[in-house]
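*Asks:* below are the sequence and a predicted model for it; my questions follow.
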Amino acid sequence: MDIYNKVRDAIIDVVTQRYNQLDIKTLNLITCEQPKNLKFGDLSTNILMILKNIINEDINDIKDLIIVDLKAISIFERVTYVKPGFINFILNKNIWYEVLCSIIKDKNYGLKNLGSNRKVNLEFISANPTGPLHIGHLRGAVFGDVLSRLMTKTGFKVTKEYYVNDLGNQIENLFQTVKIHIENTVSNTNKALKEGMYPGDYLKDIALQLIKENIDLSNKIQVKESIVEKTLDLIKKDLSKLGIVFDSFISEKVIHEQGLLNKVLNILDKKNLIYEGTLEAPRGKKDINWKPENQLIFKSSNFGDSVDRAIKKNNGEWTYFASDIAYHYNKVERGFEEIINIWGADHAGYIKRVDASIKALGNNHIKFNVKLCQIVNLLENNKSVKMSKRSGNFILINEILKKIDKDVVRFFMLIRKNDAHLDFDMKKCLDESKENPIFYIQYAIARVNSLNKFFKEKKLEFVDFNQKLFDKFNENEIDLLKILSLWPKIIENSVIHKEPHRVVYYLIDLAGSFHNYWSKGNLDSNLRVINETDIELTVARLTLLNCISKVIKLGLDILAIKPVEKM
RNA sequence: GCUCUUGUGGUGUAAUGGAUAGCAUACCGGUCUUCGAAACCUGUGGUUAGAGUUCAAAUCUCUACAAGAGCACCA
């Protein structure tokens, strides 16, 4: 049961009966939430402040009528009006009993259907198939995976997609690199790699494999395909170690082969959105090599982009952007109603042009959403580890997973809002104390388990939970229950904003409240959970704590982190 | 120069436009004869600056300042 939405519906009922001219926009402004400070009450609504703007009347003139209507609803013990225009509610205590019962019964408490089976394409990582994944891909990987889990559990049909850039210069460079390795091995020479080639021993391994397979180096296309297949295998291995499985891998090459680029070009051309011309030199970037080139250009600035963008180069080749137009067109063609891309912050400048292309192709109804993940700053011994692409000394995900458990890595990738910078402190990950929130959370589950075990060992009997047991609760327990009642709201907000970190913060909060509750028993033995002289109270408390444990597990499941039953 | 992201206690950060800004760390002082101290409690301290919108701004708009990223082609 989501008590907040339930009461909100009741409030809206009351208001619409009295004022039938309210539109959906206005109704959406009406909130019903737990006030930050619980002294105001269990719930609070802003209805009067919204209403007064719409019907143009003073709050004082309407408040009494509304409050009388609200008081008629049987679930409130008290309805009060407070200064700027809040109406606060105290719920009948038996409502909290109902809330707890619904948590006990509901296997998937809080995971309501928000997506109504909407088809969502969630593209993430899409690292170039030139080698294993490194730390630069880690955050987006975990973020994308957890977002997909969150949305899948709330009624969206999510397809996790990986776009494979298996075309272009980088693949050519990859080919040249492997070629040198092959030649070095076959003719026992020691030719060095050139600028732009890929360092890394994994390519020597691939070279050896290709030799074994008797590959014909002159058949470039086939060799390239074979190399990409092998590097993609490396990536897939890393993914499986992280616990990530994709539903679909889409090849840029295939997009080209299907003729989608020409198709898209034709559509845009018919709409008069393509012209031949030259783009201005990038301002402020003093590049002497800049030469104005005649290109095929898409009028992206008609759709909110700052300048127009080239889609075909002077030499007749497609630009990378052209592929992306076609790729996103392809996503729409496959029937996706919502397109989400998870990109690194360095691709921020790219959003507008892709958005422009989707709109230009007439797909205004498609929800297009890009979530940017800021850079991860790797800390080792309190020092930031500098990495450079050129020398290839990027820390690989594989290496991190050798030192730190995958679940812990996943957790720490989510501990910040996606668009905030993230310090990834290896030392903190290994810490087993309160400073490490994942252990803090797991410890709460372990403690509840320990109580269950203790209860069993004492050979006490578990009775069914009922109203009589509930009445044994004091305000400490009711407060915990109020925190549990927020869970559906947390899920809803996480989904709406596409921000899984909200789940993480809630879990830390919930675990904190639990530890706090537990410790009260240290000061006052009456407040210990297990009280052998009052079995009903003991069972009531255990029931509540098992609900906490259950919600924590539900949360961890969204993050794909295994709960630790015993530590 | 232009675009995007971010500015919250000393430090790291949270907060669908809501009331007294939450948490951690650091610092101060307390709590184990115990259902697990791998924990808890008390105290100090904060929305970069200025204007605007609003009944209400950390949140929205504008300006300034600061940090990071991007800005033909390449991907």
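*Replies:* Nice, thanks for sending it over. Numbering: from 1, shown residues only, chains lettered A, B, ... in the order given.
*Asks:* how about the residue of the stretch 301-450 of chain A found nearest RNA strand B: what's its closest non-neighbour residue?
*Replies:* Taking Cβ to the nearest atom of the strand as the measure, the point where the stretch 301-450 of chain A comes nearest RNA strand B is A:Lys434, at 2.5 Å. All C-beta atoms are positioned from the backbone trio N, CA, C, and that covers glycine. Spatially, and ignoring its direct neighbours in sequence, A:Lys434 is nearest to A:Tyr440 (5.3 Å; Cβ to Cβ, 6 or more residues apart in numbering).
*Asks:* with A:Ser306 instead?
*Replies:* A:Ser306 sits nearest to A:Lys352 (Cβ to Cβ, 6+ apart), 6.9 Å away.
*Asks:* and the residue of the stretch 151-300 of chain A found nearest RNA strand B, what pLDDT?
*Replies:* Nearest to RNA strand B, among the residues of the stretch 151-300 of chain A, is A:Gly168, at 2.1 Å (Cβ to the nearest atom of the strand). If you check A:Gly168, the pLDDT there is 89.
*Asks:* my read: it touches A:Ala322, true?
*Replies:* No - the criterion here is Cβ atoms under 8 Å, and A:Gly168 misses it with A:Ala322 at 11.4 Å.
*Asks:* looking at these two, which has the bigger crowd around it?
*Replies:* A:Ala322 (25 against 16; other Cβ atoms under 10 Å).
*Asks:* please tell me how far the residue of the stretch 301-450 of chain A closest to RNA strand B sits from A:Gly512.
*Replies:* As for A:Lys434, its distance to A:Gly512 is 9 Å (criterion: Cβ to Cβ, to the nearest Å).
*Asks:* so these two - more neighbours on which side?
*Replies:* A:Gly512 (16 against 12).
*Asks:* my guess is A:Val463 contacts A:Asp534. True?
*Replies:* No - judged on Cβ under 8 Å, A:Val463 makes no contact with A:Asp534 at a distance of 11.8 Å.
*Asks:* shared neighbours, the two?
*Replies:* Here A:Val463 and A:Asp534 share no contacting residue, scored by Cβ atoms under 8 Å, 6 or more residues apart in numbering.
*Asks:* for A:Lys371, helix, strand, or coil?
*Replies:* strand (DSSP: H, G, I helix; E, B strand; the rest coil).
*Asks:* now do the contacts for it.
*Replies:* A:143, A:147, A:340-343, A:418-419, A:498.
*Asks:* again, only using 6 Å
*Replies:* A:342, A:418, A:498 (Cβ atoms under 6 Å, 6 or more residues apart in numbering).
*Asks:* A:Leu401 too?
*Replies:* A:Lys241.
*Asks:* pull the number of nearby residues for A:Glu257.
*Replies:* 10.
*Asks:* give me the low-pLDDT residue ranges for the stretch 151-300 of chain A?
*Replies:* A:283-288 (pLDDT under 70).
*Asks:* those helices in it, which residues are they?
*Replies:* Assigned by DSSP state H, counting those that start in this stretch, the stretch 151-300 of chain A shows helices spanning A:169-186, A:202-212, A:220-242, A:252-257, A:260-270.
*Asks:* and the ones you listed as JSON lines, adding distance to A:Thr31?
*Replies:* What follows is these, written out as JSON lines (distance: least, Cβ to Cβ, whole Å):
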{"stretch": "helix A:169-186", "distance to A:Thr31": "50"}
{"stretch": "helix A:202-212", "distance to A:Thr31": "54"}
{"stretch": "helix A:220-242", "distance to A:Thr31": "38"}
{"stretch": "helix A:252-257", "distance to A:Thr31": "45"}
{"stretch": "helix A:260-270", "distance to A:Thr31": "43"}
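*Asks:* quick check: pLDDT value at the nearest residue to A:Tyr163 once chain neighbours are set aside.
*Replies:* Closest residue in space to A:Tyr163, ignoring its immediate chain neighbours: A:Ser126 at 4.1 Å, by Cβ to Cβ, 6+ apart. For A:Ser126, the pLDDT comes out at 95.
*Asks:* what about A:Ser126, distance to A:Ala511?
*Replies:* 35 Å.
*Asks:* so for the two, which sits in the more crowded spot?
*Replies:* Between A:Ser126 and A:Ala511, counting by other Cβ under 10 Å, A:Ala511 is the more crowded of the two (24 against 20).
*Asks:* rewinding a little: out of the contacts of A:Lys371, which is most surrounded?
*Replies:* A:Ile342 (26 neighbours).
*Asks:* so what does that residue look like in phi/psi?
*Replies:* Torsion angles at A:Ile342 (phi, psi; degrees, to the nearest 10) stand at phi -100, psi 120.
*Asks:* now do the helix or strand hosting A:Arg139 against helix A:220-242, angle only.
*Replies:* Assigned by DSSP states H and E, A:Arg139 belongs to helix A:135-152. Compare the direction of helix A:135-152 with that of helix A:220-242 by axes from the mean of the first three to the mean of the last three Cα atoms, to 10 degrees and you get 70 degrees.
*Asks:* show me what helix A:135-152 is in contact with.
*Replies:* A:122, A:124-125, A:127, A:158, A:160, A:244, A:342, A:373, A:376, A:378, A:395, A:397, A:410, A:413, A:418, A:494, A:498, A:500, A:558-559.
*Asks:* narrow those residues to those in helices?
*Replies:* When DSSP state H defines the helices, the subset of the contacts of helix A:135-152 inside them is A:397, A:410, A:413, A:494, A:558.
*Asks:* how close does the residue nearest the centre of chain A sit to A:Thr154?
*Replies:* By Cα atoms, centre = their mean, chain A has its centre lying nearest to A:Leu147, at 3.2 Å. With the distance defined as Cβ to Cβ, A:Leu147 ends up 11 Å from A:Thr154.
*Asks:* how about the residues of the stretch 1-150 of chain A by RNA strand B?
*Replies:* Within the stretch 1-150 of chain A, the positions lying close to RNA strand B (Cβ under 7 Å from any atom of the strand) are A:29, A:31, A:33, A:35-37, A:39-41, A:44, A:46, A:49-50, A:53, A:82, A:84-86, A:88, A:128.
*Asks:* run a quick neighbour tally on the closest residue to A:Phe473 other than its chain neighbours.
*Replies:* Of all residues beyond its chain neighbours, the one nearest A:Phe473 is A:Ala540 (6.3 Å), with distances taken as Cβ to Cβ, 6+ apart. Here the count is done by other Cβ under 10 Å, and A:Ala540 has 23 residues near it.
*Asks:* what about A:Ala540, which SS state?
*Replies:* A:Ala540 - assigned by three-state DSSP - is helix.
*Asks:* hmm, A:Lys472 and it touching each other?
*Replies:* Yes - when contacts are counted by Cβ atoms under 6 Å, A:Ala540 is listed as touching A:Lys472 (5.0 Å).
*Asks:* interface residues of the stretch 251-400 of chain A facing RNA strand B?
*Replies:* Selection of the stretch 251-400 of chain A residues close to RNA strand B by Cβ under 7 Å from any atom of the strand yields A:279, A:281-285, A:287, A:289-291, A:293, A:295, A:306, A:309-310, A:313, A:317-321, A:345-350, A:352, A:372, A:374-375.
*Asks:* correct me, but the residue nearest to A:Tyr163 touches A:Val164?
*Replies:* No - using Cβ under 6 Å as the test, A:Ser126 is too far from A:Val164 to be in contact (7.4 Å).
*Asks:* if we can go back for a sec, and the two most separated of the ones in helices among the contacts of helix A:135-152?
*Replies:* The most widely separated members of the ones in helices among the contacts of helix A:135-152 are A:Ile397 and A:Ser494, with 24.8 Å between them, by Cβ to Cβ.
*Asks:* what is the burial count for A:Ser248?
*Replies:* 12.
*Asks:* residues touching it, list them.
*Replies:* Residues near A:Ser248 by Cβ under 6 Å, 6+ apart: A:159, A:161.
*Asks:* swap in 8 Å and give it another go.
*Replies:* Per Cβ under 8 Å, 6+ apart, neighbours of A:Ser248: A:159-162.
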